[in-house]
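Asks: return a 3D structure for these sequence lines:
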Amino acid sequence: MTEQYVAAIDQGTTSSRCIIFNRHGDVVALGQREHRQIFPRPGWVEHDAEEIWANVVAVVEEALAAGGLRRHQLAAVGITNQRETTVVWDRQTGQPVHHAIVWQDTRTDRLLRVLGGTEGQDRFRQRCGLPLATYFSGPKLRWLLDEIPGLRERAQRGEVLFGTMDTWLVWQLTGRHVTDVTNASRTMLMNLRTLDWDAETLDAMGIPAAMLPEIRSSAEVYGTATGPLAGVPVAAALGDQHAALFGQTCFDPGDVKGTYGTGAFLVLNTGTEPVVSTNGLLTTVGYQIGGQPAVYALEGSIAMAGSLVQWLRDNLGMITHAAEIEELASQVADNGGCYIVPAFSGLFAPHWRSDARGIIAGLTSYVTKAHLARAVLEATAWQTREVVDAMNSDSGIPLASLKVDGGMVANRLLNQILADVLDVEVVRPKVAETTCLGAAYAAGLAVGYWPDLDSLRANWQHDATWTPQIDAQVRDREYRNWTKAVRRTFGWVESEEDAS
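Replies: Predicted coordinates for the structure are as follows:
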């Protein structure tokens, strides 16, 4: 019998990839292509959905060719995607009515004040688990309906379809108009408890139900692909951070994964009941396997992690390559009393302060560029500590260990600082492509390629582990200093009311 594999399509913010895995969860082949970033106005970020689809076709073909494989050797394909990015297209022609509006886009800022009304940012939080923010898909869709002439009427007649990038790709591959619970939970339009579109929210947002996809589980066969994957079951969809949770086999309540890239995202498995945060975290669906109960999660997002290292490289010229920060920071035993809070465009979880701006605090003539490099790495760790404290408080489940992935965790010093700051074990897996792996795992489960979660746990292999090495008194002192520095970032940007 011909060896079988599972493919994952990862449609990300800057590129699309296809990775093919074997039964052990090892990478067999990969294809990747970047797409354009379109900036029509300040704060506006768009993608060309048709360009992305063309790139997906290309990377699938590249991955198959790189592995010397035929598509009939694929047992299934799963999809993982940049979340919240919003596409609307014509049901008959398949043509998008507008460029995709990307999750980073801030054009809905004024609209949010209208939608919040007298209740403000938390108007929909009890139902959808999310605060009103430019981040999410629902307000982006409302903007399109308001701004494109005739679109609302076409939507009410069911002539146009809405989707996040998972929906766009599944539709292109199978002709089915579906999304999964993880992506639906990031629209602000899904009721977390019913796992269906919330009629009251749709009415308040002014969004016709006729244009919305059917919500399905994260791991089931949505249809059979045509085109580059003709005959292959399309059997999973998860938003990127949810896929990383699944790929890290965080299947038990209390399991946490941290993905460290441009920003950082921590996701905590909270079990089969949603936990509404009172500490600045997002309540979301972690994943759902077929007809099993949904597993919920709390998420904390950090705006700047790896991008702070890039700033040190590109803006200050202290290093030539990002990897050099580890060697530079290792030249000193501590930060020399220096703290960097990277609130370059405000602070995300758990503060959500758009008025904050970045600072370097505690500077003295003793501080060298090595101390600054170490403070950059510590900034990621202390921001993680703030999110973990919020998770512990919201969930009542103290963090026992942290599974890490993403480009930054090649930095061993960062991982040691994380262990010291969090006072827990930090574990890096052997397979770093956890986002794609999670989508592959879910698809493989749906078609029986892997029999159960235990078989996925057995695949997981650790690459390295870091344990706390610093004294508790030092940890507490440094955290107090960090929180003092954070408070000094608040209120830097004055509102029009403050300035008058």
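Asks: what ranges do the strands span in the stretch 251-400 of the chain?
Replies: 256-260, 264-271, 282-287, 295-302, 339-341, 359-361 (DSSP state E, counting those that start in this stretch).
Asks: so what's T489 up against?
Replies: 341, 343, 347, 353, 356-359 (CB atoms under 8 Å, 6 or more residues apart in numbering). In this view, the C-beta of every residue, glycine as well, is placed from N, C-alpha and C.
Asks: name the SS class of it, please.
Replies: Look at T489: counting by DSSP: H, G, I helix; E, B strand; the rest coil, its state is coil.
Asks: contacting residues for R41?
Replies: R107.
Asks: any idea how far it is from D105?
Replies: The gap separating R41 from D105 is 10 Å, by CB to CB, to the nearest Å.
Asks: repeat that for G129.
Replies: 21 Å.
Asks: in terms of neighbours, single out the busier of the two.
Replies: A direct count of neighbours by other CB atoms under 10 Å for G129 and D105 places G129 higher, at 27 against 24.
Asks: just checking, that one touches L192?
Replies: Yes. With contact defined as CB atoms under 8 Å, G129 counts as touching L192 (5.0 Å).
Asks: what do the two both touch?
Replies: Common contacts of G129 and L192 (CB under 8 Å, 6+ apart): 185, 274, 283.
Asks: and which of those residues is nearest A199?
Replies: S185 (16.6 Å; CB to CB).
Asks: chain neighbours aside, what residue packs nearest to that closest one?
Replies: Spatial nearest neighbour of S185, chain neighbours left out: V285 (4.2 Å); criterion: CB to CB, 6 or more residues apart in numbering.
Asks: show me where the stretch 251-400 of the chain has helices.
Replies: Here the stretch 251-400 of the chain has its helices, by DSSP state H, counting those that start in this stretch, at 306-314, 324-329, 369-395.
Asks: list of residues touching the second one?
Replies: The reference is to helix 324-329. Residues from elsewhere that reach helix 324-329 (CB under 8 Å, 6+ apart): 309, 312-313, 318-319, 369-370, 373-374, 376-377, 411-414.
Asks: dump it to PDB, keeping only the CA atoms.
Replies: Output in PDB follows, covering the C-alpha atoms of helix 324-329 (Å, rounded to 0.1, in the frame of the first residue of the first chain):
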ATOM      1  CA  GLU A 324      22.700  38.000  17.600                       C
ATOM      2  CA  ILE A 325      20.600  39.400  20.500                       C
ATOM      3  CA  GLU A 326      21.200  36.200  22.500                       C
ATOM      4  CA  GLU A 327      25.000  36.500  22.400                       C
ATOM      5  CA  LEU A 328      24.800  40.200  23.200                       C
ATOM      6  CA  ALA A 329      22.400  39.800  26.100                       C
END
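Asks: identify, from the shared contacts of G129 and L192, the entry nearest to G206.
Replies: S185 (20.4 Å).
Asks: what about the closest one, how many neighbours?
Replies: 31.
Asks: separation between it and G78?
Replies: For S185 relative to G78 (CB to CB), the value is 18 Å.
Asks: do D105 as well
Replies: Counting by CB to CB - D105 and G78 are separated by 27 Å.
Asks: try A244
Replies: Distance from A244 to G78, by CB to CB: 13 Å.
Asks: show me what V404 is bridged to.
Replies: Note on V404: beta-bridge partners G258, judged by DSSP bridges.
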